[in-house]
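Peer 1: need a structure here:
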Amino acid sequence: IDGIDLKNPKNLKIMPYVLMQSIEDKSVKDLDKTDLELGADIKYSITPGLTLDLTYNTDFAQAEVDKQQVNLDRFNLFFPEKRAFFLENGDLFSNLGNYFISPFYSRTIGLDKQGNAIPILLGARISGNLNSSTRIGMMNMQTGAKGSYSPENFSAFTIQKRFWQRSLLKTYFLNRENFISAAELTKNPMDRYGRNAGISLELANNEGTKEAKISYHQSIKPTINNNDAFFEASAARTINNWRFFGQMGNVDRDYYTDMGYVQRIDNYDALRDTSIRVGYKDVYANITKRIFMKNGKIGRIDFSLENFVVFNADNSFSEYETGLNIKTDFRNSSGFTLKFNNTNLNLLYPTKPGDGIPLPSGTYKYGQFNLMYYSDMRKMFSWNTMMTLGQYYNGNITGLGAGIIWRNQPHLSFSLNAEINKIQLPKIYGNNNLI
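Peer 2: Predicted structure coming up:
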């Protein structure tokens, strides 16, 4: 139609909230108070592909609760983000590292290390597409004080440029400023700030059958001048239904991620009740064969053989794990997974999986078998079950688990899961039931 000038619509959403709490206790003199909290989230479409998000006195009351997990490892678990503000375009920041290392982990903002809420006073984020080949993310969040927890400011910036068809260049900068007192600064000078920067090059051919990645990550902390970087490189090749993948990395002892996590770097000494930072090098390899079935109830079978080796910073042996995985998917969306793992561990520091004395440092070799089944996840009601059998350090482990899920899409989802792992060690190290 001639003569009509159509402009991009500016989509504006304002979502205010009010929380009021009234307390009156006749048994306590003058205990009669009312608390009122006001807040708002604002979303504005700068362009069809670029969005501005603003938040004031952020309310995360509607966020889904964390799924409880049983930790059978020596290292911390990291729960997925459930808060809606951090989920939109969240891959811009969450995909800066790998499975074990992430420079940016949004749960460091507005939550302490125990998962307790810290008030977020103000926040702003611009994220999305600058054009068809460039994505950008900018964020700044200011938290308040709570108890002994000091106010903090978090800033994040990333720009990601796609070239050719499947290749990508990423760069980022992260900054956490901690407004601690002079006394706290004298006691812990490294708590003042934490900064991270990095660059990553990801290459792939147009068919996606050849892939390579190389990245370098630098941390910046007060009083630290070296041994503060993380490097990784990987390559993958797909030939018909075979996939070959290899990865290597090096993590320095003083590589810190105040806005992220490094899973293996903190080693807990159960005898001295303290954690020791240990840098490491790792090598991972995986071969996967995928078989598509033309007939019958089974739709696909994946066979996967993986090997994970870890060396300490001085190149001494730390850990070796080999696994065979068989995953079967039925045409009705149900399936089961079989896993066989064998571990050879050079334990650097005593650990305490049982209720007796800590296991001493030394060499431990053990294997485990795991079976998991899940029913048709498309149905309103589905269920799953799992079983673990095998060795655990110098003892044995037996694990059972089950869960049910009821969905009324898209408004409601209810799940109930239970898991128990029985650990039996030689008498002086005790036993344990993890539920």
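
Peer 1: Of all the residues in the helix ranked longest in the chain, which ones are buried?
Peer 2: Identified as the longest helix of the chain according to DSSP state H is helix 182-187. Neighbour-count burial for helix 182-187 flags no residue at all (criterion: 16 or more other Cβ atoms under 10 Å). In short, each C-beta sits where N, CA and C put it, glycine included.

Peer 1: Same question for stretch 216-226.
Peer 2: Buried residues in stretch 216-226, counting neighbours by 16+ other Cβ under 10 Å, are found at His217, Gln218, Ser219, Ile220, Lys221.

Peer 1: now do stretch 379-398
Peer 2: Ser382, Trp383, Asn384, Met386, Thr388, Gly390, Gln391, Tyr392, Tyr393, Gly395, Asn396, Ile397.

Peer 1: Mind giving me the packing neighbours of the helix or strand hosting Asp329?
Peer 2: According to DSSP states H and E, Asp329 maps onto strand 317-330. Applying 3 or more Cβ pairs under 8 Å, 6 or more residues apart in numbering; DSSP states H and E, one finds that strand 317-330 makes contact with strand 298-312, strand 335-347.

Peer 1: ok, the longest one: who's next to it in the sheet?
Peer 2: In other words, strand 298-312. Strand pairing for strand 298-312, using DSSP bridges, gives strand 280-292 (antiparallel), strand 317-330 (antiparallel).

Peer 1: Can you give the contact residues for it?
Peer 2: By Cβ atoms under 8 Å, 6 or more residues apart in numbering, the surrounding residues in contact with strand 298-312 are 264, 278-293, 317-331, 348.

Peer 1: want to try CSV for the helices and strands packed on strand 317-330, with distance to Ser133, mean neighbour count and mean pLDDT as columns?
Peer 2: Output for the helices and strands packed on strand 317-330, formatted as CSV (distance: least, Cβ to Cβ, whole Å; neighbours: other Cβ atoms under 10 Å; pLDDT from 0 to 100):
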stretch, distance to Ser133, mean neighbour count, mean pLDDT
strand 298-312, 33, 16, 96
strand 335-347, 37, 17, 96
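
Peer 1: related to what we said a few turns ago, now, the buried residues of stretch 379-398 that are in helices?
Peer 2: Per DSSP H, the subset of the buried residues of stretch 379-398 in helices is empty.

Peer 1: where are the low-confidence patches of the stretch 101-250 of the chain?
Peer 2: 114-115 (pLDDT under 70).

Peer 1: So which residues of it form strands?
Peer 2: Remark: strands assigned in the stretch 101-250 of the chain by DSSP state E, counting those that start in this stretch are 101-102, 120-129, 134-143, 152-163, 167-178, 193-204, 210-220, 229-239, 242-251.

Peer 1: among those, which is nearest Asn417?
Peer 2: Shortest separation from Asn417 across the strands of the stretch 101-250 of the chain is recorded for strand 101-102, at 25.0 Å, computed as Cβ to Cβ.

Peer 1: And the closest one, what does it pack against?
Peer 2: Under the contact definition 3+ Cβ pairs under 8 Å, 6+ apart, strand 101-102 sits against strand 261-262.

Peer 1: ok, now which ones touch Asp112?
Peer 2: Taking Cβ under 8 Å, 6+ apart, we find Asp112 in contact with Ile118, Tyr149.

Peer 1: Against Leu54, how distant is it?
Peer 2: Plainly put, Asp112 is 24 Å away from Leu54 if you go by Cβ to Cβ, to the nearest Å.

Peer 1: Ile435 too?
Peer 2: 42 Å.

Peer 1: Neighbour count: the two, which is higher?
Peer 2: Here Ile435 and Leu54 are set side by side on neighbour count (other Cβ atoms under 10 Å), and the busier one is Leu54, at 14 against 9.

Peer 1: No further questions, thank you.
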